[in-house]
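K.L.:
3D, please:
(one chain, ligands or ions: 2)
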Amino acid sequence: MINYIKESPLNILIQPTDNCNLECLYCYKGNKGNNKMSDDLMLKVLTESIAYNSKRKNSTLFIWHGGEPSIMPLSFYYKAFRFTENINSEYRISHTFQTNGYLISEELLDLFSQFKVSISISLDGPANYHDKIRFTKNKKGTHKVILNNIEKAKRKDIEIGILMSITNNNVQYIEQIFRYCYDNNFSFGINPISSDLFSKHEDLEVHPQKYLESCIKVFDLWFFQKKNPIRANPGFGVTQLILSQNRISDCFLSENCQYTFISIDPKGNIYPCNRFDNNEGFKFGNILNTDLEDILISPTRIKLLERCGNIIPECQNCEIRKYCNGGCMHHAICHNENINSPDHLCIVYKALIKHALSRINSVLITN
Ligand code: SF4
Ligand code: SF4
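P.N.:
Ligands and ions are numbered 1, 2, ... in the order given. Below you'll find the model as predicted:
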């Protein structure tokens, strides 16, 4: 029997709505709905999540995601942040907000500033590229408005991260976006566009070789910063993974992402991660009729928790298995229709870990 209740903190991704104001070309959400989480459900989610983590002496991170979370009314977030602030927990409770950055108002930014909520905004390149991929329902580009909103957030001293989705066509802009983040003291991360459970994004899906090029680029930009370094991933994350001997990792390079991650949709359905939303076969349960503690021991979750490098035949003799463990299970199911198969980005992880090890060793030898 596997030890499915690990001591690691369970990060809670909340999707207060499945609606979105944009029509990005590579969206993995399938048909967007118009569901909104009720205040009562949100308070139940916060209460049970904090209780679950506190019982295990762990902190709780809430990741507000979507759809587009800024569609929800201000009062919803005021209630949420005020509620967690008033909980007298000995363990840290924090919030981060993943947004397309188009609708964030001054009032919402004031709330983030008041409750120390960090934000992560999607930016895929300069306007001439970004606007072809990330646009409104009327096909209007979003770059200008987003940059303007980032400036507003910066003036309010909000912690900002930029997330760049990588396709085959924007690798050349990585350095430009990194420099923008560096100059503004924002963190930076990249994310590979991949086919999903609803659609094949064959034209946009990044080829593993191109993605490897992107990862090495970001790693080195991060590694060779001279002063006032920013956090950039996969550089920071992979180094942390290696130096912590696998204790701290990003989801896709963890022993099993399910030890540390769940996603809750606007109706209270719980999935392994937002990538599996609306997929009945991957639903763990619904928090409106079952306690979170019981949902987390559902047979569907236990089955996913069994996935690791030991049981994936292709991974068994891999020299970096202790760092990778098969990669992302969503990638595995979308590309191979088999959860217990390796991520299609396997060659990226192998080369990236080797690259990171050699960079880290070069510093250790020099010093
Ligand atoms: S399924 Fe993939 S994207 Fe989702 S949490 Fe796991 S590793 Fe991360
Ligand atoms: S790098 Fe590839 S073979 Fe090695 S553990 Fe990861 S997915 Fe498996």
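K.L.:
Can you name the residues of the stretch 201-350 of the chain that neighbour ligand 2?
P.N.:
For the stretch 201-350 of the chain, the contact set with ligand 2 under CB under 6 Å from any ligand atom comprises 309, 314-315, 318, 320-321, 324-327, 342-343, 346, 349-350. C-beta: built from backbone N, CA, C; applies to glycine.
K.L.:
If any of those residues are buried, give me the ChimeraX selection for them.
P.N.:
Selecting only the buried members of those in ChimeraX, with burial defined as 16 or more other CB atoms under 10 Å, works like this:
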select :309,315,318,320,324,325,326,327,342,343,346,349,350
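K.L.:
Out of the residues of the stretch 201-350 of the chain next to ligand 2, the closest to ligand 1 would be?
P.N.:
Distance ranking of those against ligand 1, using CB to the nearest ligand atom, places G327 first at 7.2 Å.
K.L.:
Find the closest residue to ligand 2 in the stretch 101-250 of the chain.
P.N.:
Closest point on the stretch 101-250 of the chain to ligand 2, by CB to the nearest ligand atom, is P208, at 10.8 Å.
K.L.:
Per-residue pLDDT of that residue, please?
P.N.:
Per-residue pLDDT puts P208 at 96.
K.L.:
And for the one 4 residues further on?
P.N.:
What the model reports as pLDDT for L212 is 98.
K.L.:
Look at it and give its secondary structure.
P.N.:
With DSSP: H, G, I helix; E, B strand; the rest coil as the basis, the three-state label of L212 is helix.
K.L.:
that older thread, which ones among the residues of the stretch 201-350 of the chain next to ligand 2 map onto helices?
P.N.:
For these, the ones inside helices are 321, 324, 346, 349-350, with DSSP state H as the criterion.
K.L.:
could you dump stretch 309-319 to CSV, C-alpha only?
P.N.:
The C-alpha trace of stretch 309-319 is given here as CSV (Å, rounded to 0.1, in the frame of the first residue of the first chain):
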residue,chain,number,x,y,z
GLY,A,309,9.1,6.3,-12.3
ASN,A,310,9.3,2.8,-10.7
ILE,A,311,6.2,1.6,-12.5
ILE,A,312,6.7,3.3,-15.9
PRO,A,313,8.7,0.7,-17.9
GLU,A,314,10.5,3.3,-20.1
CYS,A,315,11.7,5.2,-16.9
GLN,A,316,13.0,2.3,-14.9
ASN,A,317,16.6,2.5,-16.1
CYS,A,318,16.7,6.2,-16.7
GLU,A,319,19.7,7.9,-15.1
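K.L.:
returning to what we had before: mind putting the ones in helices among the residues of the stretch 201-350 of the chain next to ligand 2 in TSV, pLDDT and distance to A232 included?
P.N.:
As requested, those are exported to TSV (pLDDT from 0 to 100; distance: CB to CB, whole Å):
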residue	pLDDT	distance to A232
R321	92	26
C324	91	20
C346	97	23
Y349	96	18
K350	97	21
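K.L.:
and of these, the nearest to Q172?
P.N.:
Using CB to CB, Y349 is the member of those that sits closest to Q172, with 22.9 Å.
K.L.:
any idea how far C24 is from the closest one?
P.N.:
For Y349, the distance to C24 (CB to CB, to the nearest Å) stands at 26 Å.
K.L.:
Direction included, what does the one helix or strand S165 maps to pair against?
P.N.:
With elements delineated by DSSP states H and E, S165 resides in strand 160-166, which encompasses its position. Sheet neighbours of strand 160-166, with direction, are listed as strand 118-122 (parallel), strand 187-192 (parallel) (DSSP bridges).
K.L.:
mean confidence for the shortest one?
P.N.:
Predicted confidence along strand 118-122 averages 97 (mean pLDDT).
K.L.:
returning to what we had before: how many other residues sit next to the residue of the stretch 101-250 of the chain closest to ligand 2?
P.N.:
A count of nearby residues for P208, using other CB atoms under 10 Å, gives 17.
K.L.:
can you pull the contacts of it?
P.N.:
Counting by CB atoms under 8 Å, 6 or more residues apart in numbering, P208 touches 344-348.
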